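Undergrad: Return a 3D structure for these sequence lines:
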Amino acid sequence: MSVAEAGGVFHRARGRTLDAFPAENEREWKGPFYFIQGADPQFGLMKAWSTGNCDSGGDEWQQEVRLTEQAVQAVNRLNPKPKFFVLCGDLIHAMPGVRAVFSGHYHRNAGGTYQNLDMVVSSAIGCQLGKDTHGLRVVVVTAEKIIHRYYSLDELSEKGIGDDLMDLMKQK
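TA: The predicted structure follows:
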């Protein structure tokens, strides 16, 4: 969002209504709020940086996982709760044992495979640039495989997660 666009959002809120949120209970200004912005957990970078091998290092994520968990715990303890949390920047640096990478930003579903690594692009919750509906991707991870399915917001709200995916989560 450019500064001009951001200014437009704030300008629209001046009349105490904001049409940027689809939910009725979010349209009326109810007073100040806050949100949390985190950036660059970049799993794998801390080891790579410490060894001086940022091009091929980064096969360990323990430090970043611990810090990310600490961040989530800190946010969960806040009172009042933030309106939302947004995570920006690099999510991973290196991929030990990773079989799939999930991303967005393309505003349509897409993907492919390169050297046994699946790239899965999920369409947007918001503006659609393709034929997909507004939705979310549910990802189930088992010891053997990763299964994912894109659901429209309506389908997920009305029917929930499919029985086949739920059955996979019951396996030990």
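Undergrad: State the distance from Thr68 to Tyr106.
TA: Distance, Thr68 to Tyr106, using C-beta to C-beta, to the nearest Å: 25 Å. For glycine as for every other residue, the C-beta is placed from the backbone atoms N, C-alpha and C.
Undergrad: Also Phe43?
TA: In terms of C-beta to C-beta, Phe43 sits 22 Å off from Tyr106.
Undergrad: show me where the protein has strands.
TA: In the chain, strands defined by DSSP state E lie at 36-39, 85-88, 100-103, 110-114, 117-121, 135-141, 146-152, listed in chain order.
Undergrad: Among the ones you listed, which comes closest to Gln128?
TA: Gln128 sits nearest to strand 135-141 of all these, at 9.3 Å, using C-beta to C-beta.
Undergrad: Would you list the strands that that closest one pairs with, along with their directions?
TA: strand 146-152 (antiparallel) (DSSP bridges).
Undergrad: Export the strands of the chain as CSV, with columns for mean neighbour count.
TA: As requested, those are exported to CSV (neighbours: other C-beta atoms under 10 Å):
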stretch, mean neighbour count
strand 36-39, 12
strand 85-88, 12
strand 100-103, 15
strand 110-114, 11
strand 117-121, 15
strand 135-141, 16
strand 146-152, 16
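Undergrad: Quick one: these as a markdown table, columns for distance to Ile161 and mean pLDDT too.
TA: Below are those laid out as a markdown table (distance: least, C-beta to C-beta, whole Å; pLDDT from 0 to 100):
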| stretch | distance to Ile161 | mean pLDDT |
| --- | --- | --- |
| strand 36-39 | 26 | 84 |
| strand 85-88 | 22 | 82 |
| strand 100-103 | 16 | 86 |
| strand 110-114 | 20 | 93 |
| strand 117-121 | 17 | 91 |
| strand 135-141 | 5 | 90 |
| strand 146-152 | 8 | 92 |
